[in-house]
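J.: got a sequence here, can you build the structure:
(one chain, ligands or ions: 1)
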Amino acid sequence: MSKLKVSELFYSIQGEGRYMGVPSVFLRVFGCNFTCGGFGMPRGQISLEREEIANKISEFKNYKDLPLVHTGCDSYASWDPRFKDLSPVLTTDSIAQSIVQMLPHKEWQSEHLVITGGEPLLGWQRAYPALLDNPLMDSLTEITFETNGTQELSDEFKSYLKIWKRTKPNREITFSVSAKLPNSGEKWDDAIKPLVVTDYQSVGYTYLKFVIATEEDLQDAKRAVELYRKAGFRGPVYIMPVGGVESVYSLNNRNVASMAMNEGWRYSDRLQVPLFKNEWGT
Ligand code: SF4
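T.: Sure thing, here's the model as predicted:
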């Protein structure tokens, strides 16, 4: 029986990207190849907020008790090993059962499934077929993988996804690629993988989404888009304001919207911030 280490499983409104506003089940799996400590920090500096929280980890018994952060990766507990005990290992059968229980009609209607992380395309690719093949998932029609765009799809998983899509005409797979620019604190060559992202297009609708705070970030995004296009990337580009908390997000959302209009790109909000204050489980 397949298992996944699950950081969060919740029902909410998708706040970002193509499915913004769509009621969605979020399956957040544990583990990431990055740490993204640079978000919201001056260039070259790394956030220490996560360290401060980790130092008093014994105070937090549940994922939902963890403090929200203003800087760095806002889903730090879904990959930092110090928080790993807050993410249980669950069978794919029990995950499917929990999912249908949280759907308002106890079955899929027009809700969509978001598989996120951490980085959901690490080793967990092996377990998704068992989850999606569970009879309780039969009427699910739309899935998004929220990925950082650095992980190749295995041949087995690619074949599986093609079959999953072909067996019902209204099924749709999306790769929401949040490629990391230098403002994340990650190195360019580790984060910008045009050939990896281009390959996702063979299985599903693929788009790029960049987190932007400054003009310098915009210039980085333009440079990255040029490389993705050269490699054959055909999808749309979204830009989204930095900010896991409202005070930071509302500082630059209008600027980023203007940048999107100037570039002919798409603006993505972070609806979970104004709607739900980016609380855990939203
Ligand atoms: S890739 Fe995403 S989940 Fe991983 S550290 Fe960066 S922001 Fe966090």
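J.: which positions in the one helix or strand in the chain whose mean pLDDT sits lowest come out as buried?
T.: Taking mean pLDDT, DSSP states H and E as the measure, helix 272-276 is the helix or strand of the chain with the lowest mean score, a mean of 79. Neighbour-count burial for helix 272-276 flags Gln272, Val273 (criterion: 16 or more other C-beta atoms under 10 Å). Glycine gets a C-beta too; all of them are placed from N, C-alpha and C.
J.: swap in stretch 56-70?
T.: When burial is assessed from 16+ other C-beta under 10 Å, stretch 56-70 yields the following buried residues: Phe60, Tyr63, Leu66, Val69, His70.
J.: can I get the residues you listed in a markdown table with pLDDT and distance to the ligand?
T.: Formatted as a markdown table, the buried residues of stretch 56-70 follow (pLDDT from 0 to 100; distance: C-beta to the nearest ligand atom, whole Å):
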| residue | pLDDT | distance to the ligand |
| --- | --- | --- |
| Phe60 | 88 | 18 |
| Tyr63 | 86 | 15 |
| Leu66 | 92 | 14 |
| Val69 | 88 | 11 |
| His70 | 84 | 14 |
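J.: ok and the residue in the stretch 51-200 of the chain nearest the ligand?
T.: Of all residues in the stretch 51-200 of the chain, Cys73 sits closest to the ligand, at 3.1 Å by C-beta to the nearest ligand atom.
J.: all helices for the chain, in order.
T.: Using DSSP state H, the helices of the chain run over residues 49-55, 92-102, 128-132, 155-166, 188-191, 194-200, 215-230, 246-263, 272-276.
J.: could you list the low-pLDDT ranges of this protein?
T.: Residue ranges of the chain with pLDDT under 70: 1, 244-245, 247-249, 282.
J.: what about 50?
T.: Nowhere does the chain drop to pLDDT under 50.
J.: near the ligand, which residues of it are found?
T.: Residues of the chain lying close to the ligand by C-beta under 6 Å from any ligand atom are Cys32, Phe34, Thr35, Cys36, Cys73, Ser75, Trp79, Gly117, Gly118, Glu119, Asn148.
J.: now with 8 Å, please.
T.: Taking C-beta under 8 Å from any ligand atom as the contact definition, the chain meets the ligand at 32-36, 39, 73-76, 78-79, 117-119, 148, 178, 180, 184, 186.
J.: now these: which count as buried?
T.: 32-36, 39, 73-76, 78-79, 117-119, 148, 178, 180, 184, 186.
J.: returning to what we had before: check contacts around the residue of the stretch 51-200 of the chain closest to the ligand.
T.: Contact partners of Cys73, counting by C-beta atoms under 8 Å, 6 or more residues apart in numbering, are Cys32, Phe34, Thr35, Cys36, Gly37, Phe39, Arg50, Trp79.
J.: wait, the third one sits on Lys180?
T.: What that stands for is Thr35. No. With contact defined as C-beta atoms under 8 Å, Thr35 does not reach Lys180; the gap is 10.3 Å.
J.: now do the shared contacts for these two.
T.: Glu186.
J.: mind listing the strands for the stretch 51-200 of the chain?
T.: 89-91, 112-116, 142-147, 172-177 (DSSP state E, counting those that start in this stretch).
J.: so what strands line up beside the last one?
T.: Translated: strand 172-177. strand 142-147 (parallel), strand 205-212 (parallel) (DSSP bridges).
J.: shouldn't Asn62 be in contact with Ser87?
T.: No. Applying C-beta under 8 Å as the test, Asn62 and Ser87 come out as separate, 11.1 Å apart.
J.: so which of the helices of the chain is nearest Arg43?
T.: Closest approach to Arg43 among the helices of the chain (C-beta to C-beta): helix 215-230, 7.4 Å.
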